[in-house]
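S.K.: Build the 3D model from these lines:
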Amino acid sequence: MQTAALVTWFEDRINANLTRPQILDMINNVQNEVLANDNGITRIKPDPFIHTGSESYTSHATNNTSGAFTFEVQETITTTNPTKGYLLLTQGSTVYQLKYTSYSGSIFTLADGVSLPVTFTSVDTAKIDDFNCVASGSIFSSTKNSLTTQWDIRRVNGIYTYSTQSGRFFAYGGANVVSYKPNKYMNRSGSAVVLVEGDATESKEPNSEDCIINFWHENAPGETTNVYLARSAHRWPTQVTTESINLEIPDRFHTTLIRYGLLKDLEYTEYGSADRPQDLFDKYLAEFLIWSGRGVHTEISHNTVPRRF
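M.R.: Alright, predicted model coming up:
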């Protein structure tokens, strides 16, 4: 049902002193909780490419003063670099890591609240960090070399590439296996898919761009726009901030899964426990995950014992 109708539906059935904006906020929180699980709605398919950069630049001689919110280089920034990421600014023996949120021409715009800690001159250098990548600026559409599609990335589970040892399997390039923590081959006989060592910090909240892909130091990909892919990448759902924005969870789960998610949150707030709503929420969550994550799109009886994950 439409979000406004859903808010009214809850408003008519919940005996609580809640305003419509409060109910809307709780509905949004429940959807975020549900879609934190591995699911087919927010998972990006097919597996998206991870674009990284490692280019080095020279600081502008006079335009990078302490406290500035941009960093200007002498060269033109290559437009295939991640649109958001980290800069490693080197001055003598000191290296500063600063987050940037965009670039244009020769200027990087730093993230909110980030400014240059010192004044940089033409003897100082900048390099795009390829060990720590901001997922929302590094994960792009599943078209190789395309930088047109981005998402608000919530979670990345696993990274892989293809080996050069088998010409039949998209031999884009190889991974450096001379490492204290080497990459692993999924298919030893054909040496086709290589699991890349690294992890990702899960995002804490939407629009924060705080999901960071961390490559193992000796396995960082360097500059690439066509080799590394996410084995599983999930985005944040569209946040339901107004009643004109509909939920991404289908209607069939609104009066069951969303309902009991809302009731359990209300009871936890009021009484510190919510045994019955929690049990029902878990039941319908299991049904939703079967429907979504496993592609089962047939009706599931409410009398069916849910499969536990």
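
S.K.: name the helices or strands packed onto the longest strand seen in the chain?
M.R.: Ranked by number of residues, the top strand in the chain under DSSP state E is strand 94-104. When contacts are defined as 3 or more C-beta pairs under 8 Å, 6 or more residues apart in numbering; DSSP states H and E, strand 94-104 packs onto strand 85-91, strand 107-110. Glycine gets a C-beta too; all of them are placed from N, C-alpha and C.

S.K.: for the first one, the distance to its chain's centre please.
M.R.: Relative to the mean C-alpha coordinate of its chain, strand 85-91 is positioned 22 Å out (C-alpha atoms, centre = their mean, to the nearest Å).

S.K.: mind listing the helices for this structure?
M.R.: Assigned by DSSP state H, the chain shows helices spanning 3-13, 20-34, 135-138, 259-271, 275-293.

S.K.: contact partners of stretch 254-264?
M.R.: With contacts defined as C-beta atoms under 8 Å, 6 or more residues apart in numbering, stretch 254-264 is touched by 1, 6, 9-10, 14, 23, 26-27, 30-31, 33-34, 247, 249, 274, 277-278, 280-281, 284-285, 287-288, 302.

S.K.: Just the CA trace of the longest strand of the chain, in CSV.
M.R.: The C-alpha coordinates for strand 94-104 follow below in CSV (Å, rounded to 0.1, in the frame of the first residue of the first chain):
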residue,chain,number,x,y,z
THR,A,94,54.5,13.3,7.1
VAL,A,95,51.6,11.8,5.3
TYR,A,96,48.0,13.1,5.8
GLN,A,97,45.0,11.1,4.8
LEU,A,98,42.0,13.4,3.9
LYS,A,99,38.6,12.3,2.6
TYR,A,100,37.4,14.0,-0.6
THR,A,101,33.8,13.9,-2.0
SER,A,102,34.3,15.1,-5.5
TYR,A,103,36.8,16.6,-8.0
SER,A,104,36.7,18.7,-11.1
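
S.K.: residue contacts, Tyr103?
M.R.: Applying C-beta under 8 Å, 6+ apart, the residues near Tyr103 are 77, 81, 83, 109.

S.K.: The third one and Gln150 touch, don't they?
M.R.: Yes: taking C-beta atoms under 8 Å as the definition, Thr83 is a contact partner of Gln150 at 6.9 Å.

S.K.: tell me the strands in the stretch 201-309 of the chain, going along the chain?
M.R.: With DSSP state E, counting those that start in this stretch, the ranges of strands along the stretch 201-309 of the chain come out as 212-215, 229-230, 233-235.

S.K.: picking that back up, could you point out which of the helices of the chain sits nearest Ser102?
M.R.: Across the helices of the chain, Ser102 has its closest neighbour in helix 135-138 (8.7 Å, C-beta to C-beta).

S.K.: That closest one packs against which elements?
M.R.: strand 153-156, strand 212-215.

S.K.: Which of those has the lowest mean pLDDT?
M.R.: The weakest mean pLDDT among those belongs to strand 212-215, with a mean of 90.

S.K.: List the buried residues in that one.
M.R.: For strand 212-215, a neighbour-count test (16 or more other C-beta atoms under 10 Å) marks 212-213, 215 as buried.

S.K.: next one: stretch 195-207
M.R.: Quick answer for stretch 195-207 (16+ other C-beta under 10 Å): 196-198, 200, 202-203.

S.K.: before we move on, what about stretch 58-72?
M.R.: Using 16+ other C-beta under 10 Å as the test for burial, stretch 58-72 gives 59-60, 64, 70-72.

S.K.: now do stretch 24-31
M.R.: Buried residues in stretch 24-31 (16+ other C-beta under 10 Å): 24, 26-28, 30-31.

S.K.: again, but for stretch 146-161
M.R.: 147, 150-156, 159-161.

S.K.: repeat for stretch 76-90
M.R.: 77, 80-90.

S.K.: and which of those is nearest Val118?
M.R.: Leu89 (8.8 Å).

S.K.: The closest one and Phe71 touch, don't they?
M.R.: Yes: at 7.0 Å, Leu89 and Phe71 qualify as touching, with contact defined as C-beta under 8 Å.
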